[in-house]
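Asker: coordinates only, sequence not included:
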């Protein structure tokens, strides 16, 4: 069985090496799209390529969040690499399965056309972690006992690349048939995605700054039916408003916001479970950029994108 993953990165320099080394245990090729990353993600990917890791590196500079971006790339990957399964994974999602062989067996047993789904298990930073530990998987060892926003991701069989009648839901959270109804997918037993959306104060502030700005550029807040509870990128919007009030978050504010990333950032920290992943090797230590530095570069990107759209020289 040929397995390929597809990932688009932006503010993932702190975690991208661990993601690549971990995911390479399960797939034959990692297709990674660098979306004009303002951090060290691209250089780290080039270094990992030079080591011989199976990375295909693509680039784009789309400022706004285009809903069909991942589907477009997915179809390109099917056409070029012809995988049996394509795994759309974010850089903060770590596949947990007993082994590559066990994963293949579960995928092979699926009813045709074999769409699979796996659920998130969200890990959060805690006050008792070793802050001198640079490896995310070694440092962050607790996950939510109950997901605030239960979420599934879909794995795509070759059938997806052979038809245009099935559409990928933005974020790869499912697939739809032509009339807009959700296509059935089978939950894989004993397979999950360990999700690490918040890893440090600088990382989450940068992610929120760029994420909600990109959502605004795409007009998400203008979509009919958008609300403050279920709208696209709502987790970014809530923290963006907090960021506008000031970047000097206290330690307590940070841990509360991290544990309640998809809920009320001011709520108490929910129940957590100790359930560490096996760490992977880390050879590269990217330097973390200040939020202001990233904001300045992003403002320049926005200006250039506007000039391009208005065809100014």
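Answerer: Cool, got the structure. Keep in mind that this is a model prediction, so the values were computed, not measured.

Asker: neighbouring contacts of the strand or helix carrying residue 295?
Answerer: Assigned by DSSP states H and E, residue 295 belongs to helix 291-309. Residues outside helix 291-309 that contact it (CB atoms under 8 Å, 6 or more residues apart in numbering): 11, 36, 38-39, 61, 63, 202, 205-206, 209-210, 213, 217, 247, 313. C-beta: built from backbone N, CA, C; applies to glycine.

Asker: state the mean pLDDT of that helix.
Answerer: Per-residue pLDDT over helix 291-309 has a mean of 77.

Asker: distance check, residue 310 against residue 303.
Answerer: 11 Å (CB to CB, to the nearest Å).

Asker: can you pull out the helices in the stretch 101-250 of the chain?
Answerer: For the stretch 101-250 of the chain, the helices defined by DSSP state H, counting those that start in this stretch occupy 136-139, 158-162, 201-217, 234-244.

Asker: and these: which comes nearest residue 73?
Answerer: Closest to residue 73 of the helices of the stretch 101-250 of the chain is helix 158-162 (CB to CB; 11.6 Å).

Asker: among the contacts of helix 291-309, name the buried ones.
Answerer: 11, 36, 38-39, 63, 202, 205-206, 209-210, 213, 217 (16 or more other CB atoms under 10 Å).

Asker: closest to residue 48 out of the helices of the stretch 101-250 of the chain?
Answerer: Smallest distance to residue 48 across those (CB to CB): 15.6 Å, for helix 136-139.

Asker: now do the buried residues in that closest one.
Answerer: For helix 136-139, burial by neighbour count (16+ other CB under 10 Å) applies to 136-139.

Asker: circling back to that earlier point, let me know the closest of the contacts of helix 291-309 to residue 101.
Answerer: Using CB to CB, residue 11 is the member of the contacts of helix 291-309 that sits closest to residue 101, with 33.9 Å.

Asker: just say helix, strand or coil for the closest one.
Answerer: Put simply, residue 11 is coil when judged by DSSP: H, G, I helix; E, B strand; the rest coil.

Asker: 15 is where my numbering starts, stick with that
Answerer: Sure thing, new numbering starts at 15, so read that last one as residue 25.

Asker: list phi and psi for it.
Answerer: When read as degrees, to the nearest 10, the backbone of residue 25 gives phi -110, psi 70.

Asker: pLDDT score for it?
Answerer: Predicted confidence (pLDDT) for residue 25: 88.

Asker: kindly report the same for residue 78.
Answerer: Predicted confidence (pLDDT) for residue 78: 67.

Asker: how much space between residue 22 and residue 319?
Answerer: According to CB to CB, residue 22 stands 17 Å off from residue 319.

Asker: the more surrounded of these two?
Answerer: Taking neighbours as other CB atoms under 10 Å, residue 22 and residue 319 compare with residue 22 leading, 20 against 16.

Asker: ok, the helix or strand that contains the more buried one: who's next to it in the sheet?
Answerer: Element membership for residue 22, per DSSP H and E: strand 17-23. Using DSSP bridges, the strands paired with strand 17-23 are strand 43-49 (parallel), strand 99-102 (parallel).

Asker: ok, and what's touching the last one?
Answerer: Contacting residues not belonging to strand 99-102 are listed as 15-21, 40-41, 84, 88, 91-92, 109, 121, 128, 130, 167-172, 174-175, 182, 186 [CB under 8 Å, 6+ apart].
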